[in-house]
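Q: Quick one, fold the following:
(one chain, ligands or ions: 1)
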Amino acid sequence: MKRIYLDHSATTHVDTRVLEVMLPYFTEKFGNASSLHSFGQEAAEALVSSREQVAAALGAEPHEIIFTSGGTESDNMAIKGAAYMHSSRGRHVITSVIEHPAVLRTCEQLEREGFEVTYIPVDREGILDMKFLEDAIREDTILMSIMHANNEIGTIQPIKEISNLIAGREIVLHTDAVQSVGKMPTDVHELGVDMLSISSHKLYGPKGVGALYLRNGVNLSPLVQGGGHERGLRPGTENIPGIVGFAKAMSIARVQLEKDSTHMQHLRDSMIEKIHSRIPHVKLNGHEKKRLPNNVNMSFRHVEGESLLMLLDMNGVAVSTGSACSSKSQNASHVLTAIDPGVDYIHGSLRFTLGRENTLEEVDLVVDLLEEAVMKLRQISPFEQEV
Ligand SMILES: *Cc1c(COP(=O)(O)O)cnc(C)c1O
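A: Numbers count the residues shown, from 1 in each chain. A predicted model of the protein is given here:
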């Protein structure tokens, strides 16, 4: 059976061009970048050029890039690091209700430590309530963390507008751009952010590596103590093979951005249209236009998302319900709860996230299988019999 992967927001395969540049750094070029001999120099040079590549892809300076173990660590480093650094000025933090758990759980931890956090609601389409946000800003607000694009429903938030709104204030602005980097333009100056989180495995790089963009002049309290690596913010011997692969993945994503996003958007729109025309009682979750080019999140009335996922998986199609992080819990995801598609729809949501290598033929086959699976489940749904 041919398998079709439509879960690229959970993770992606490593591009063969990425793997190729990584391999020598496991074997002959294994040096520690802090060593003074030629082995060390080889690793140190790889670190320098990787940092340049990642910075270039974001419109940043190389010294503004801190390599981390991925999105989760970058979010923690940014939020706790800035909160601790500026706690003498104030202890109020602003975020949104639809953030990734890496941000939400971190903010909850800050609350346990005596910080105050305001969670900004979103509208029915998953876009931030800007009036609420404006009113939430206080004299003692030190930090704002708002995601660029949502991992479940793909909505894109007005980061530039937020940055304009707080211009001139001493509020550090962080964005989790794990889902948007590689799928839409993410220039740090264009966005006007002070910090931006990235993860390599969401953009065809290896797992366990990522970065935090930290604007020149913004200071953080380090969360981990050790040697002076990564400006003292992330001590520990650098993961050179991972960093080299991540940098290559960023360069490829930058070069192919236009081509990849156009392709995925075409597949996305075709898939949404076909699902709407073939399956009755379906809702698109998230904003129709302000959404990631690769995200299709739909709710099917009176159907369990998990059952649908299993039926598709039996046919070789990999999708997700809500997000991979919350799929083991019985409750509807916090993101769907926030946009509230209605009681008949909330448990029947599926997330299809396209990749640069998916084809229109694959999308057509998935819609065929999906139609069949939804009909099958509705036949046995007690709720469906009542209407
Ligand atoms: C995947 C993801 C993360 C976590 O990144 P890891 O590298 O897996 O730790 C954080 N934020 C968002 C929006 C994500 O999609």
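Q: What's the local residue count around the residue lying closest to P235 once chain neighbours are set aside?
A: Closest residue to P235 apart from its sequence neighbours, by CB to CB, 6 or more residues apart in numbering: G226 at 3.0 Å. C-beta here means a position set from N, CA and C on the backbone, and glycine is covered the same way. Close neighbours of G226, defined as other CB atoms under 10 Å, add up to 11.
Q: Quick one: mean pLDDT for the helix or strand hosting L173?
A: Using DSSP states H and E, L173 sits in strand 172-176. For strand 172-176, the mean per-residue pLDDT is 98.
Q: could you pull out the strands for the chain?
A: 4-5, 65-68, 92-96, 116-120, 141-145, 172-176, 195-199, 210-214, 282-284, 295-300, 317-318, 349-353 (DSSP state E).
Q: Please state the offset of the fifth one from the chain centre?
A: Spelled out, it's strand 141-145. How far strand 141-145 lies from its chain's middle: 20 Å, per CA atoms, centre = their mean, to the nearest Å.
Q: for the closest residue to the ligand within the stretch 201-350 of the chain, what are its contacts?
A: Proximity to the ligand, evaluated over the stretch 201-350 of the chain using CB to the nearest ligand atom, is greatest for G210 at 5.2 Å. G210 sits next to 67-71, 73-74, 178, 197-200, 246 when contact means CB atoms under 8 Å, 6 or more residues apart in numbering.
Q: Ok, T141 next?
A: G90, H92, V93, I94, R169, I171.
Q: Return the set of residues that bridge with it.
A: H92 (DSSP bridges).
Q: same question, I65
A: Applying DSSP bridges to I65, the residues it is bridged with are Y213.
Q: What about it, how many residues nearby?
A: Neighbourhood size, I65 [other CB under 10 Å]: 26.
Q: For the ligand, see how far away it is.
A: Distance of I65 to the ligand, computed by CB to the nearest ligand atom, to the nearest Å: 16 Å.
Q: Wait, that residue touches V54, no?
A: Yes: in this structure, I65 is within contact of V54 by CB atoms under 8 Å, at 5.1 Å.
Q: Could you pull up the residues touching the residue lying closest to T321 once chain neighbours are set aside?
A: Leaving aside its chain neighbours, T321 sits nearest to G305 (3.7 Å; criterion: CB to CB, 6+ apart). By CB under 8 Å, 6+ apart, the contact list for G305 reads T321, G322, H347, G348, S349, L350.
Q: show me the contacts for M298.
A: M298 neighbours (CB under 8 Å, 6+ apart): I272, I275, V282, K283, L284, N285, S349, L350, F352.
Q: how about a cut-off of 10 Å?
A: 153, 271-272, 275-276, 279, 282-286, 305, 341, 345, 348-352, 370 (CB atoms under 10 Å, 6 or more residues apart in numbering).
Q: can you check L311 too?
A: Taking CB under 10 Å, 6+ apart, we find L311 in contact with V303, V317, L369, L370, E372, A373, V374, K376, L377.
Q: Closest to the ligand out of the residues you listed?
A: Using CB to the nearest ligand atom, V317 is the member of the contacts of L311 that sits closest to the ligand, with 20.8 Å.
Q: Where does pLDDT dip in the protein?
A: 322-330, 386-387 (pLDDT under 70).
Q: Okay, helices next: where are they in it?
A: Here the chain has its helices, by DSSP state H, at 16-22, 38-58, 71-86, 101-112, 130-136, 159-165, 188-191, 240-278, 305-314, 334-339, 360-379, 382-386.
Q: Next, count neighbours for the nearest residue to Y119 once chain neighbours are set aside.
A: Leaving aside its sequence neighbours, Y119 sits nearest to V97 (CB to CB, 6+ apart; 4.8 Å). V97: 16 surrounding residues under other CB under 10 Å.
Q: how near is D129 to D313?
A: 37 Å (CB to CB, to the nearest Å).
Q: oh, I was asking about E170
A: In terms of CB to CB, E170 sits 50 Å off from D313.
Q: Name all residues that make contact with V188.
A: Counted by CB under 10 Å, 6+ apart, V188 has contacts 55, 58-61, 64, 175, 177, 194-196, 213-215.
Q: Buried subset of those as a ChimeraX selection?
A: Buried subset of these, written as a ChimeraX selection, criterion 16 or more other CB atoms under 10 Å:
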select :55,58,60,64,175,177,194,195,196,213,214,215
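Q: Tell me how far the closest residue in space to N285 that isn't next to it in sequence lies from L36.
A: Leaving aside its sequence neighbours, N285 sits nearest to N297 (CB to CB, 6+ apart; 4.3 Å). To L36, N297 is 52 Å away according to CB to CB.
Q: what does A136 give?
A: For A136 relative to L36 (CB to CB), the value is 51 Å.
Q: Between those two, which has more neighbouring residues?
A: Neighbour tally, A136 and L36, criterion other CB under 10 Å: the higher count belongs to A136, 15 against 9.
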